[in-house]
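> What follows is a predicted structure for the sequence shown.
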Amino acid sequence: MITVKDLRKDFIKYERKPGLIGSIKSFFNAKKIITKAVDGVSFTINEGEIVGYIGPNGAGKSTTIKMLAGILTPTSGSILVNGIVPAKDRIRNAFNIGVVFGQRTQLWWDLPLNESFTILKEIYNVSEADFKERMKFFNEILDINSFIKSPVRTLSLGQRMRADIAAALLHNPKILFLDEPTIGLDVVAKMKMREAIKHMNKTFMTTVILTTHDLDDIEELCSRIIMIDKGKIMYEGSLDEIKDVYGYMKTIKFECAEAVEVPDLSPLGLAPADLSAEADFRTLTIRFNKHRLNVSEITDFVLKRYKVLDMSVSEPPIETLVANIYETGEVVA
């Protein structure tokens, strides 16, 4: 559905010196500064995939999305979106894609929501039968009938985001770009939004590219992630692969019947970097390298020494793993 090869986008600005004399000199001999917003990015996305495109602010996410949408022209490299070169055929590409920006709206601010949908229906040449069918579907999934006659400016953030997703999907695009679709939403609204995205992806086989700083969205929705930083891809693959490479340290917490001390871990034969423990009254916490030891070995070791009432196993949160990749700067794609 989407093929990107060696994509690059440079932005050029000119540094001007302060003061009147400096401005005059800069007019004739301004220093050119080139910023590589996207620097040799390549990836493919298949039909029906939900892919997370993540990275810190300024990483190049939005620039990439704008090139995929045909808003920006690449400096070099190639893009095919459903067989279309976006920058060369923007109108045809626009009929193939839907875009939702969490901090912007494509709806008319002072018009009632239903009138915004009517305008979009005419813009995209949606037939009356298709329009009625899709509006019925959107109401079932997004519950928009309860506020469809309200002016857009009076909607809550959660209502507006649901309306924006419906507007982006009104012409049944093959590809949906979601930029921070759950930003500012409460827990319940986020859950409903995620369920709606999953349902529409399954129903229409819509390909979804999701950019977000909320990694719960990524875990809940995405089968694969592409991680970008400073214009380059740092990682491409599944969340399971990230956890395997960067999240190899597991934690087991044991709640014991009596006060405990840190046991001698030498019988397990691992260095402190791969195995450590701490005790807090009746709680014993052990961190270990899951590639070197398994849970049953740790459990057997502890049960031979203490009476255990309860235990829990946890892995590092995805936020920690992603931070580790950015800190190391290691390209693992």
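Happy to help now that I have it.
> rest of the way, CA atoms for contacts and neighbours
OK.
> name the element Ile228 belongs to?
Per DSSP states H and E: Ile228 is located in strand 224-229.
> Strand partners (parallel or antiparallel) of that strand?
strand 50-54 (parallel), strand 232-237 (antiparallel) (DSSP bridges).
> Following the longest one in sequence, what is the next regular element?
The helix or strand immediately downstream of strand 232-237 is helix 239-246, counting by DSSP H and E.
> who touches that following helix?
The contact list for helix 239-246, computed with Cα atoms under 8 Å, 6 or more residues apart in numbering, reads 219, 223-225, 318, 321, 324-325.
> Please identify the deepest-packed of the strands paired with strand 224-229.
Most buried of these, by mean neighbour count (mean count of other Cα atoms under 10 Å): strand 50-54, with a mean of 25.
> ok, and the helix or strand in the chain with the lowest average confidence?
The weakest-scoring helix or strand in the chain, judged by mean pLDDT, DSSP states H and E, is helix 19-29 (a mean of 65).
> May I have whichever helix or strand comes after that helix exported as PDB, CA atoms only?
Scanning forward in sequence from helix 19-29 by DSSP H and E, the next helix or strand is strand 31-45. In PDB, the C-alpha atoms belonging to strand 31-45 read as follows (Å, rounded to 0.1, in the frame of the first residue of the first chain):
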ATOM      1  CA  LYS A  31      24.900  32.000   5.300                       C
ATOM      2  CA  LYS A  32      22.900  29.000   4.100                       C
ATOM      3  CA  ILE A  33      21.900  26.500   6.700                       C
ATOM      4  CA  ILE A  34      20.500  23.100   5.600                       C
ATOM      5  CA  THR A  35      18.400  21.100   8.000                       C
ATOM      6  CA  LYS A  36      17.900  17.400   7.100                       C
ATOM      7  CA  ALA A  37      14.400  16.800   8.500                       C
ATOM      8  CA  VAL A  38      14.200  13.300   6.800                       C
ATOM      9  CA  ASP A  39      17.500  11.600   6.000                       C
ATOM     10  CA  GLY A  40      17.300   8.400   3.900                       C
ATOM     11  CA  VAL A  41      14.100   6.800   5.300                       C
ATOM     12  CA  SER A  42      12.900   3.600   3.600                       C
ATOM     13  CA  PHE A  43       9.900   1.400   4.600                       C
ATOM     14  CA  THR A  44       6.900  -0.500   3.300                       C
ATOM     15  CA  ILE A  45       3.400  -0.800   4.700                       C
END
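> Verify the stated contact: Arg160 with Val152.
Yes - look at Arg160 against Val152 with Cα atoms under 8 Å: they come within range, at 7.1 Å.
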